[in-house]
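Engineer: sequence unknown, structure follows:
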């Protein structure tokens, strides 16, 4: 058995906020569009397909070079995993440490149980400054809590910097004109909102790793800085940070170093922002943390390596995964953060061939296929409660019943192969009914031979079994 | 050596020739092959689709059967990397206690068991190319196959079992073979079990690129160690009337002049 997180972080957070402990439940509104439907749209876009293919190819090449040149890459990965696991299992202690360190450095810490609370806190902080314009360095968590929309609803204009400055995504860098406009925005803004890649617990330091420099501008020019981040971003000390500053650029952009590594700690008189606020967001993370298998997803350092090697992402791009976390990591994060009941969330664990390429490159060794299979189990469990079983469930149950006994299995084998042969023409099946029709829409199925292997064996192995199944050579 | 064959339900129904090829090949190499007809399925389909209660029942049944196979044979061999991976890599997550049980009966080589630990019964289940190269120590099995062949390393053989270049070494030693490298060989074919139906459009988009690479090699035969993946690749090749055949490694290695 794996150890449980020390104390229940959810309970601890609730106590800290003086609120009674209630389960926040699945965070946010469930996605209504299944992955397969979103994917179909993307598959029909030739330009997207070409761009994704080219980006994947060059990213894979660069990453292989950047990781291959280190003798201790595998040790770094193991260390990254161990540090993240240790921190997650002791998250209550480290969150307290962050709270203490940030406060001692002159900043304020705010706790948000879900997206709505996070948006309320941030909106309140901005309103208190009297500003109506803010600069927002968009990050996964600001998209996750739909911050821009919440600010707009409160009459605050959020000027977003370039979206999704994923380290792997150097092509997203703004041009000269756009950069000048951004610089002016930063100069004039009274409030900036940033994300965080790491929060160093013992010093209360925020670390942002980026290719474009927007995060650094957040920490220098505006009078008030609000950093919003998920509670899983913590590392204990700067010594552990060292490991991730090697892992992230090499796994992400395939570079030895990221152009901008910025850090800020509380406030310093006469230098940088006069007010600093850290908003720590749960939004489903403590639910994920309570799942012994699924919690490994919270190790993610957002390098995007899993996206670049994924055969599914390479064809669909990110939109089909929903608005926040794309790619294989999104397929295991989103259902954990939002629950597996919604059509999108229930389909995401199945948006993978389980080929394992993602697990091979993940710098913190998240076994994504294992978590996908685990979450598929949660999806099926949630469907077992339905009064009428789905056609798939009926099929899977009767298959399990037949396979549990060799007599039943042999009879099912005889029946199924006989029916299948009736549907075949010239050794191939071109159209099947029901769920299997999804296969024959674009692929043939070989007709099962008259003799199964066991029949061949029992019949004294007199002649070579008929080919039957194979298309003519 | 006495080898218990785990044929797998998929091969039993659809690819008896693969099983016959394993029998022919191993007997040619001087080994005895047994087949226990009580065997059905390892539970992989139910496990990967999320039906874990059903998978646990099937896995429990298979573990019991395997115990019997291992008491009567030196080891178990299967012509399916994904079923071998199910037993060796996924059973510990599905049935932790049962999966950890040490092997009863005569001990066999188990290169995967950690030092000091009693080898699990699961380590005595081998994929065919592992058995040939690691246990028997052969790469030249005396086969002859004068055709242009390309090899697709299936995901579970490559990333779960890590069979590496064992199948390629076996193919390279075949007389008369014209073995050509498949471009982007290590990329998935898009099968993924029920993925091929649940996400049929993406699955077809992935296999379309695999087919393109296969055609670039001008090979007559695509070879792999998993018939499930070959059914997917072969199904697309057949729909396109490409004239390219798919063959399991065992069938190529069973061919003689």
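Structural biologist: Ah, there it is. Everything numeric in this text was worked out from a predicted model, so none of it was measured. Residues are numbered from 1 along each chain as shown, chains lettered A, B, ... in the order given.
Engineer: so residue A:240 touches residue A:83, yeah?
Structural biologist: Yes: contact criterion CB atoms under 8 Å: residue A:240 and residue A:83 qualify, at 4.7 Å. (Glycine included, C-beta is placed from N, CA and C.)
Engineer: give me the most central residue, chain B.
Structural biologist: residue B:80 (2.0 Å; CA atoms, centre = their mean).
Engineer: tell me where the stretch 151-257 of chain B has helices.
Structural biologist: Secondary structure of the stretch 151-257 of chain B by DSSP state H, counting those that start in this stretch: the helices cover B:155, B:166-172, B:195-198, B:200-217, B:227-239, B:249-254.
Engineer: ditto for the stretch 1-150 of chain B
Structural biologist: Going by DSSP H, counting those that start in this stretch, the stretch 1-150 of chain B shows helices at B:9-14, B:16-28, B:44-49, B:52-72, B:81-85, B:91-94, B:96-100, B:128-130.
Engineer: could you tell me the least trusted of those helices?
Structural biologist: Among the helices of the stretch 1-150 of chain B, helix B:96-100 has the lowest mean pLDDT, at a mean of 82.
Engineer: near chain A, anything from that one?
Structural biologist: No: Helix B:96-100 stays clear of chain A (CB under 8 Å from any CB of the partner chain), getting no nearer than 9.1 Å.
Engineer: run through who's touching that helix.
Structural biologist: B:59-60, B:63, B:91-92, B:120, B:122 (CB atoms under 8 Å, 6 or more residues apart in numbering or on different chains).
Engineer: could you show which parts of the stretch 201-350 of chain A are in contact with chain B?
Structural biologist: A:293, A:311-312, A:315-316, A:347, A:349-350.
Engineer: which two of those residues have the greatest separation?
Structural biologist: A:293 and A:315 (27.4 Å; CB to CB).
Engineer: contacting residues for residue A:349?
Structural biologist: A:331-332, A:335, A:340, A:372-373, A:375-376, A:378-379, B:50.
Engineer: specify which member of the residues you listed is nearest to residue A:132.
Structural biologist: After measuring the contacts of residue A:349 against residue A:132 - CB to CB - the closest member comes out as residue A:335, at 37.2 Å.
Engineer: where are the low-confidence patches of the chain?
Structural biologist: Just going to use chain A. Residues of chain A that meet the criterion pLDDT under 70 lie in A:1-29, A:162-175, A:466-473.
Engineer: my question was about chain B
Structural biologist: Ranges of chain B meeting pLDDT under 70: B:105-117.
Engineer: moving C-terminal of the helix or strand hosting residue A:116, what's the next helix or strand?
Structural biologist: Assigned by DSSP states H and E, residue A:116 belongs to helix A:115-129. Following helix A:115-129 in sequence order, the next helix or strand is strand A:133-136 (DSSP H and E).
Engineer: centre of the chain to that following strand, how far?
Structural biologist: Taking CA atoms, centre = their mean, to the nearest Å, one finds the center of strand A:133-136 at 26 Å from the center of the full chain.
Engineer: that one pairs with which strands?
Structural biologist: strand A:157-160 (parallel), strand A:191-194 (parallel) (DSSP bridges).
Engineer: going toward the C-terminus from that strand, what's the next helix or strand?
Structural biologist: Defined by DSSP H and E, the subsequent element after strand A:133-136 is helix A:140-144.
Engineer: what's the first-to-last distance across stretch B:39-56?
Structural biologist: Distance across stretch B:39-56, first residue to last, is 16 Å (CA to CA, to the nearest Å).
Engineer: which residues sit against it?
Structural biologist: So stretch B:39-56 is contacted by A:349, A:354, A:373, A:375-380, A:392-393, A:396-397, A:399-400, A:403-406, A:409, B:6-9, B:57-59, B:61-62, B:65, B:69, B:82-83, B:86-87, B:90, B:94-95, B:193-194 (CB under 8 Å, 6+ apart).
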